[in-house]
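> sharing a sequence plus its predicted fold:
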Amino acid sequence: MIEKNYNQPSSLKIWKAGFYIRLSREDVENDKALGTMKIYNKTESESITSQRVILTEYANKLDNVEVVDEYVDDGYSGTNFNRPGFKRLIDDVRSGKINCVIVKDLSRFGRNYSEVGNYLEVFFPMLNVRFISIIDNCDSYLKPESLSNIIVPVKNIMNESYCRDISLKVRSAFDARKRQGLFVGTYATYGYIKDPQNCNKLLVDLEAGEIVKRIFNEFASGKTMGKIAFGLNEEGVLCPATYKSSKGINKYVNSYGNKIGWKDSSIRRILTNPIYIGTLVQKHREKINYKVHKFKQVAQEDKIVVENVTEPIIDKALFDKVQDLLKRDTRVSFGKQQLDLLSGFLHCATCKHGMSKKKSRKGHSKTEYIEYYNCSNFKRCGKAICSPHSIRKADLENTVFEYIKTYIQVAVNFESIIDLITKFKLENYKTDNLEQILKIKLNDKQKKIRYIDGLYPDYKNEIITQAEYKRYKEQAQSELVKLEEEINSLEEQIISFKNGTQVDNPFVSHFVKFRDIENLDRSIITELIDNIWIHENNLIEIDIKYKDEYKIAIEFIESNKHILELATASQRLVANG
């Protein structure tokens, strides 16, 4: 209870007071990060209401004070004065509407030591404005010495220090949760929804997930990002912002209705986001510091990346293929939306630059043209830099097609030989599904490591006690040692059993998929070819993918010749009855 001060000096001056009320954004974020959230979705926060009650009770005890207005900043940081309520307060002070400012305590007024001091020691005295801080027992009119007391700047410094500490604690707590693979974003990435039972977990959104698959497949097949966006807009497929708005996420405007829809940039964001293979990347940006409420981009190596967090929408092979295509020079002519068959794969063997497509009339015909490729360096700079390396488009594509068919046949032959060897060995040796077991154990090991890494930040942020931290860490490390022993044992068993047995060979598995091809298309090129080098005199050098795996397949067959001979002999015996 605040007692009336009967010793106030009598004065005919009427103080026109304004209440200033603020809720600290840092306090709200701290409660959220540490799991002690006390403020809920209400018309206004409980802290705002309680401050108003305190200020009203106090003002009622003062003589010659008339409350003219109140100025509220609900959820604004105290580290700067860029707050709408505060700005309106200062405007009214300057205009003379109010000449008395009343706050609950100095920290409500602000947490920036230098700026708070400037207002209290220079700005308000210059305009003859009375300042009252109730909890700090400061009143520039009744107790002028209260503001010049050394305690006031000390409290301001402490308030600023508190804000800095809270900022660091919040950031550390959020980073710890991110390292544990928990999703801490406000809104789920397009293609996912938040788990209703756990807001830190993402589930696949079946409707949007199909659009994500379509985008990846169309880009891999040769469509440009512009063509993909155009097709989605033509069909009335809602872009990510509009789609989320349609699901009740009100942050987003109806951009499709505003004729914005899908754009190249939105397609690229989807194509480059590793979340679609289950890898969660967080901490893309962070505040410069607790005083400067602007953000800076975080370096790639400082981002928090955790694999196998979400259910993948795209398989890793397709994702990696798309990332490779995005790095290639795949520009198209104006108005053209489909990439050429070999776009991004052709290079001059001499200067290593790309090849440019040109066309010329066929003989004297005005309607028929011959398409061919030239070195782009030669096209721009002439013979001083490089030579033409000219080659007909049709001849090049036919050569590439025959080359690929040759390797496809090799892969088909390898597959039958490897299957024969493997089948013979499996029929003559007992095995368990060791590979699958090993995969599970390795995944468990990574989860355990992430769990251990997250314990120390939890302890530093007082989420767990020192005793809990020690106990949890010792238990987890013991389990990790046991896992590593099991993994080593499984690996030894696999090596011992296989003794060279071939698992699925990427060269074989990727090439045999196209055993029945009749025409060459871009999906085949992107999956099987690395680069095509054009030499002079129509010489072509083709780098296939999985060259190392090709060599491994050959080595495997060579090292298992004796088993192949046994298997072949066994087949002959069966055939002869």
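Looks like it arrived, so ask away. Numbering: from 1, shown residues only.

> any regions of the stretch 301-450 of the chain where pLDDT drops low?
Scanning the stretch 301-450 of the chain for pLDDT under 70 picks out the ranges 329-338, 362-367, 425-433.

> off-centre distance for the helix or strand where residue 558 lies?
Secondary structure from DSSP states H and E places residue 558 in helix 547-559. Distance, stretch centre to chain centre, for helix 547-559: 38 Å (Cα atoms, centre = their mean, to the nearest Å).

> flag every buried residue along that helix.
Within helix 547-559, the residues scored as buried using 16 or more other Cβ atoms under 10 Å are 549-550, 552-553, 556-557. From N, CA and C alone the C-beta is placed, and that goes for glycine too.

> ok, those vs residue 347, which is closest?
residue 550 (21.5 Å; Cβ to Cβ).

> the nearest residue to residue 539 once chain neighbours are set aside - how many residues pack around it?
In this structure, residue 539 finds its nearest non-sequential neighbour in residue 349, 7.8 Å apart by Cβ to Cβ, 6 or more residues apart in numbering. Residues near residue 349, counting by other Cβ atoms under 10 Å, number 16.

> quick one: residue 349 from residue 355, how far?
Plainly put, residue 349 is 10 Å away from residue 355 if you go by Cβ to Cβ, to the nearest Å.

> same thing with residue 245?
In this view, residue 245 and residue 355 are 45 Å apart by Cβ to Cβ.

> neighbour count for those two, which is higher?
residue 355 (28 against 19).

> before we move on, back to that, the residue nearest to residue 539 contacts residue 541, doesn't it?
Yes. With contacts defined as Cβ atoms under 8 Å, residue 349 counts as touching residue 541 at a distance of 6.4 Å.

> list the residues that contact both of these two?
533, 535 (Cβ atoms under 8 Å, 6 or more residues apart in numbering).

> for stretch 179-190, which outside residues touch it?
By Cβ under 8 Å, 6+ apart, the list of residues contacting stretch 179-190 reads 174, 177-178, 194, 199-202, 205, 208, 212, 240, 243-244, 249, 251, 270, 273, 275, 280, 282, 304, 306, 309-310, 450-451, 453-454, 457.

> show me those residues that map onto strands.
Among the contacts of stretch 179-190, DSSP state E puts 194, 199-202, 280, 282, 304, 306 in strands.

> would you show me how to pick out the buried ones of those residues in ChimeraX?
Buried residues within the ones in strands among the contacts of stretch 179-190, by 16+ other Cβ under 10 Å, are selected in ChimeraX with:
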select :194,201,202,280,282,304,306
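
> can you redo the ones in strands among the contacts of stretch 179-190 as TSV with distance to residue 83?
As requested, those are exported to TSV (distance: Cβ to Cβ, whole Å):
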residue	distance to residue 83
194	31
199	29
200	31
201	36
202	35
280	34
282	29
304	31
306	37
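
> am I right that residue 68 is in a strand?
Yes. Counting by DSSP: H, G, I helix; E, B strand; the rest coil, residue 68 is located in a strand.

> so what's it closest to, chain neighbours aside?
residue 16 (4.7 Å).

> mind listing what the helix or strand the one you found falls within pairs with, with the direction of each?
Secondary structure from DSSP H and E places residue 16 in strand 15-24. Strand 15-24 sits in its sheet next to strand 65-76 (parallel), strand 100-103 (parallel), going by DSSP bridges.

> among those strands, which is nearest residue 403?
It is, among the strands paired with strand 15-24 and with distance given as Cβ to Cβ, strand 65-76, at 64.8 Å.

> and stretch 441-455, what's buried?
441, 445, 448, 451-452, 454-455.

> check stretch 53-71 too.
54-55, 58-59, 62, 65, 67, 70-71.

> these: which two are farthest apart?
Longest span within the buried residues of stretch 53-71, Cβ to Cβ: 62 and 71, 18.3 Å.

> list the contacts of residue 396.
342, 346, 373, 532, 534, 540 are the contacts of residue 396 under Cβ under 8 Å, 6+ apart.

> for it, grab phi and psi.
When read as degrees, to the nearest 10, the backbone of residue 396 gives phi -60, psi -50.

> please renumber the chain so that the first residue is 38 from this point on.
In the new count, where the first residue is 38, that last one comes out as residue 433.

> separation between residue 123 and residue 567?
Applying Cβ to Cβ to residue 123 and residue 567 gives a distance of 61 Å.

> between the buried residues of helix 584-596, which is nearest residue 563?
residue 586 (17.3 Å).

> contacts only, for the residue nearest the centre of the chain.
The centroid of the chain falls nearest to residue 318 when counting by Cα atoms, centre = their mean (3.9 Å). By Cβ under 8 Å, 6+ apart, the contact list for residue 318 reads 310-312, 340-342.

> could I get those residues as CSV with distance to residue 360?
Formatted as CSV, the contacts of residue 318 follow (distance: Cβ to Cβ, whole Å):
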residue, distance to residue 360
310, 11
311, 9
312, 14
340, 16
341, 20
342, 15
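
> so which helix or strand of this structure has the lowest pLDDT on average?
helix 62-71 (a mean of 48; mean pLDDT, DSSP states H and E).

> chain center to the helix or strand that that one is followed by: distance?
Sequence-wise, the next helix or strand downstream of helix 62-71 (DSSP H and E) is helix 83-97. Its chain's C-alpha centre and that of helix 83-97 lie 43 Å apart, by Cα atoms, centre = their mean.

> over to stretch 408-424?
With Cα atoms, centre = their mean, you get 41 Å for stretch 408-424.

> distance between the ends of it?
End-to-end distance for stretch 408-424: 18 Å, by Cα to Cα, to the nearest Å.

> would you mind listing the buried residues in it?
409-416, 423.

> residues near the residue lying closest to residue 168 once chain neighbours are set aside, how many?
In space, and not counting its chain neighbours, residue 168 is closest to residue 177: 4.6 Å by Cβ to Cβ, 6+ apart. When neighbours are counted by other Cβ under 10 Å, residue 177 registers 22.

> list the contacts for residue 177?
Per Cβ under 8 Å, 6+ apart, neighbours of residue 177: 157, 161-162, 166-169, 183-184.

> and the two most separated of those residues?
Greatest spacing in the contacts of residue 177, by Cβ to Cβ: 166 and 183 (15.0 Å).

> of these two, who's got more company?
More crowded of residue 166 and residue 183, by other Cβ under 10 Å: residue 166, with 21 against 17.

> quick check, that one in contact with residue 134.
No. With contacts counted by Cβ under 8 Å, residue 166 stays clear of residue 134, the gap being 11.3 Å.

> wasn't residue 564 part of a helix?
Yes. Counting by three-state DSSP, residue 564 is found in a helix.

> pretty sure it sits against residue 549.
No. With contact defined as Cβ under 8 Å, residue 564 does not count as touching residue 549 (11.9 Å).

> hmm, back to that, for residue 556, find the nearest of the strands paired with strand 52-61.
So among the strands paired with strand 52-61, strand 102-113 is nearest, using Cβ to Cβ, at 61.7 Å.

> next one: the closest one to chain centre, how far?
So, by Cα atoms, centre = their mean, the centroid of strand 102-113 is 40 Å from its chain's centroid.

> what angle separates that strand from helix 83-97?
Calculated by axes from the mean of the first three to the mean of the last three Cα atoms, to 10 degrees, strand 102-113 forms an angle of 170 degrees with helix 83-97.

> quick one: average pLDDT of strand 102-113?
What strand 102-113 shows for mean pLDDT is 90.

> and what of stretch 176-187?
Taken as a whole, stretch 176-187 has a mean pLDDT of 74.

> repeat that for stretch 271-278.
Stretch 271-278 comes out at a mean pLDDT of 90.

> likewise for stretch 232-242?
87.

> what is the neighbour count of residue 397?
Neighbour tally, residue 397, other Cβ under 10 Å: 9.

> ramachandran angles for the closest residue to it other than its chain neighbours?
Spatial nearest neighbour of residue 397, excluding adjacent residues (Cβ to Cβ, 6+ apart): residue 407 at 5.7 Å. As for residue 407, its main-chain torsions (degrees, to the nearest 10) stand at phi -110, psi 130.
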